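*Asks:* Below: sequence and its predicted model.
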Amino acid sequence: MPATSPKPREVIGELNALASGATSAQELMEGITKLLHQKMLRYNWVGFYMLEKEGAQDMLVLGPFRGTMTPHTRIPLNQGICGAAAFSGKTIVIDDVSADPRYLACSLETKSEIVVPVFVEKKVVGELDIDSHFLAAFTPDDRTLCEHAAAVLGRWLEKHP
Ligand code: SME
């Protein structure tokens, strides 16, 4: 394995190829999490949470992921960085999770995190969550890559209602 990650823009082409070959959303989410986890060396946990109704409440439910198991398999929208990103519909980048009181710990090694909402017809349907063992791992280029990955899933879901 090379000692450096490829440039984010090189991975964008591979994400697009995954979307054109996917036969289900589950397959596409598995492909995206595997690709990002393998290729981007500082992406130590990569997973999707998708919104589901639990009674009257919206709940983020853990979907395909790569990395160690997390205790947070269901997250309400008023909890965590994950809840905040889904509630606001905005990407959240946290350079130092220990400085953010919203942070829900998934692993003691996690130092920084990015959460990107997935939109279908402009509505949040889920999100891509990535944790790193390195402080401030998510640069503006990483943000572009992660937003592209989330948009690939959103566009696929729009085309396959
Ligand atoms: N850190 C997230 C919880 C999910 S785990 O990191 C996989 C949060 O604060 O919402």
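*Replies:* Structure's in. What do you need? Residues are numbered from 1 along each chain as shown.
*Asks:* what's the helix or strand hosting residue 49 in contact with?
*Replies:* Using DSSP states H and E, residue 49 maps to strand 45-54. Residues outside strand 45-54 that contact it (C-beta atoms under 8 Å, 6 or more residues apart in numbering) are 29, 32-33, 36-37, 58-68, 70, 74-75, 82, 86, 106-107, 110, 118, 124-131, 153. The way it works is simple: take the backbone N, C-alpha and C, and place the C-beta from them, glycine included.
*Asks:* partner strands of it, parallel or antiparallel?
*Replies:* Taking DSSP bridges as the criterion, strand 45-54 sits next to strand 57-66 (antiparallel), strand 123-132 (antiparallel) in its sheet.
*Asks:* Pull out the buried residues from that strand.
*Replies:* 45, 46, 47, 48, 49, 50, 51 (16 or more other C-beta atoms under 10 Å).
*Asks:* And for stretch 96-112?
*Replies:* 97, 103, 106, 110, 111, 112.
*Asks:* before we move on, what about stretch 65-85?
*Replies:* Neighbour-count burial for stretch 65-85 flags 65-67, 70, 72, 75, 77, 80-85 (criterion: 16+ other C-beta under 10 Å).
*Asks:* Would you mind measuring the gap between the ends of it?
*Replies:* By C-alpha to C-alpha, to the nearest Å, the extent of stretch 65-85 from end to end equals 18 Å.
*Asks:* Let me know the average pLDDT across it.
*Replies:* In this model, stretch 65-85 has a mean pLDDT of 97.
*Asks:* follow-up on the earlier one: minimum pLDDT in the buried residues of stretch 96-112, which residue is that?
*Replies:* Lowest pLDDT among the buried residues of stretch 96-112: residue 106, 87.
*Asks:* May I have the phi/psi pair for that one?
*Replies:* phi -110, psi -40 (degrees, to the nearest 10).
*Asks:* list the contacts for the residue nearest to it when sequence neighbours are not counted?
*Replies:* Leaving aside its chain neighbours, residue 106 sits nearest to residue 70 (4.1 Å; criterion: C-beta to C-beta, 6 or more residues apart in numbering). The contact partners of residue 70, by C-beta under 8 Å, 6+ apart, come to 45, 47, 62, 106, 107.
*Asks:* ok, the most centrally placed residue in the chain to the ligand distance?
*Replies:* By C-alpha atoms, centre = their mean, the chain has its centre lying nearest to residue 128, at 1.7 Å. Going from residue 128 to the ligand by C-beta to the nearest ligand atom, to the nearest Å gives 11 Å.
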